[in-house]
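K.L.:
Here is my input, please return the structure:
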Amino acid sequence: MPDQQAVEASVEVRVEVPVESVVVVDDHNFVLGSVPREIMREEALCHRATYIFVFNSKGQLYVQERTLNKDIYPGFYDPATGGVVVEGESYDQAAERELAEELGIANVPITPHFHFFFHNADCQVWGRVYSCYYDGPVTLQKEEVASVVLESPAEVLDNRNHRNYTPDSLVALERLVHCLETF
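P.N.:
Numbering: from 1, shown residues only. A predicted model of the protein is given here:
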């Protein structure tokens with residue numbers, strides 16, 4: 001009869017990790033379907049994403065330092081919380097999910113502002129911009145967020161070379177600041 005420890009040691013455990021299926025769209029934000037995130041990145045497919053600018057009561061943004069294992073812009077600073085819209089999700093649902101996942105913030109009012117299109121050599125995305133106010137503690141998603149710094153929108157936009165900021169979020173922040181100034 002085989003030794004019990006030897007039998008247990010030889011058992012291989014397989015864990016199925018669900019594949020994240022990202023909504024892909026055309027240049028007019030019309031849904032074409034969904035593909036695994038890896039294919040979306042490899043083929044630089046146009047997709048949907050959310051951008052939530054989280055302000056504290058002093059008007060500062062929670063700017064995230066992205067981990068080095070991110071599939072795009074690793075180690076960059078992102079003035080927006082957010083991410084891709086997955087299959088079966090609306091922009092609003094994705095915004096709430098991303099805010100809870102990345103910073104541990106839930107049950108706060110999120111204000112939608114506008115959609116925008118961004119593209120460069122690395123990425124093409126239809127984003128929806130949101131904002132919210134929050135002064136409580138944050139719980140960082142260790143796989144995606146290395147740290148958080150507080151900076152005003154002006155500090156981010158006026159000192160673009162101070163840190164490597166994600167270019168899509170900079171475009172969204174510029175537009176958000178302009179929209180808020182006109183009200």
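
K.L.:
At which residues are the helices of this structure located?
P.N.:
4-10, 37-42, 91-103, 153-158, 167-181 (DSSP state H).

K.L.:
Could I get the CA-only coordinates of the third one as PDB?
P.N.:
Read that as helix 91-103. Only the C-alpha atoms of helix 91-103 are listed here, as PDB (Å, rounded to 0.1, in the frame of the first residue of the first chain):
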ATOM      1  CA  TYR A  91     -20.200  51.500 -18.100                       C
ATOM      2  CA  ASP A  92     -21.900  52.300 -14.800                       C
ATOM      3  CA  GLN A  93     -21.600  48.700 -13.500                       C
ATOM      4  CA  ALA A  94     -17.900  48.600 -14.500                       C
ATOM      5  CA  ALA A  95     -17.300  52.000 -12.700                       C
ATOM      6  CA  GLU A  96     -18.700  50.700  -9.500                       C
ATOM      7  CA  ARG A  97     -16.800  47.400  -9.700                       C
ATOM      8  CA  GLU A  98     -13.500  49.000 -10.500                       C
ATOM      9  CA  LEU A  99     -13.800  51.600  -7.700                       C
ATOM     10  CA  ALA A 100     -14.500  48.800  -5.200                       C
ATOM     11  CA  GLU A 101     -11.800  46.500  -6.600                       C
ATOM     12  CA  GLU A 102      -8.900  49.000  -6.900                       C
ATOM     13  CA  LEU A 103      -9.500  51.300  -3.800                       C
END
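
K.L.:
before we move on, back to that, residue 30 is nearest to which of the helices of the chain?
P.N.:
Proximity to residue 30 (C-beta to C-beta) singles out helix 91-103 among the helices of the chain, at 14.2 Å. The way it works is simple: take the backbone N, C-alpha and C, and place the C-beta from them, glycine included.

K.L.:
What mean pLDDT does the closest one get?
P.N.:
The average pLDDT within helix 91-103 is 97.

K.L.:
Off-centre distance for it?
P.N.:
8 Å (C-alpha atoms, centre = their mean, to the nearest Å).

K.L.:
How about stretch 135-151?
P.N.:
Using C-alpha atoms, centre = their mean, the offset of stretch 135-151 from its chain centre is 12 Å.

K.L.:
Likewise for stretch 108-117?
P.N.:
Taking mean C-alpha positions (C-alpha atoms, centre = their mean), stretch 108-117 and its chain are 13 Å apart.

K.L.:
In it, which residues are buried?
P.N.:
Under the neighbour-count criterion of 16 or more other C-beta atoms under 10 Å, stretch 108-117 has 110, 113, 116 buried.

K.L.:
cool, and stretch 168-183?
P.N.:
Quick answer for stretch 168-183 (16+ other C-beta under 10 Å): 168, 169, 170, 171, 172, 173, 175, 176.
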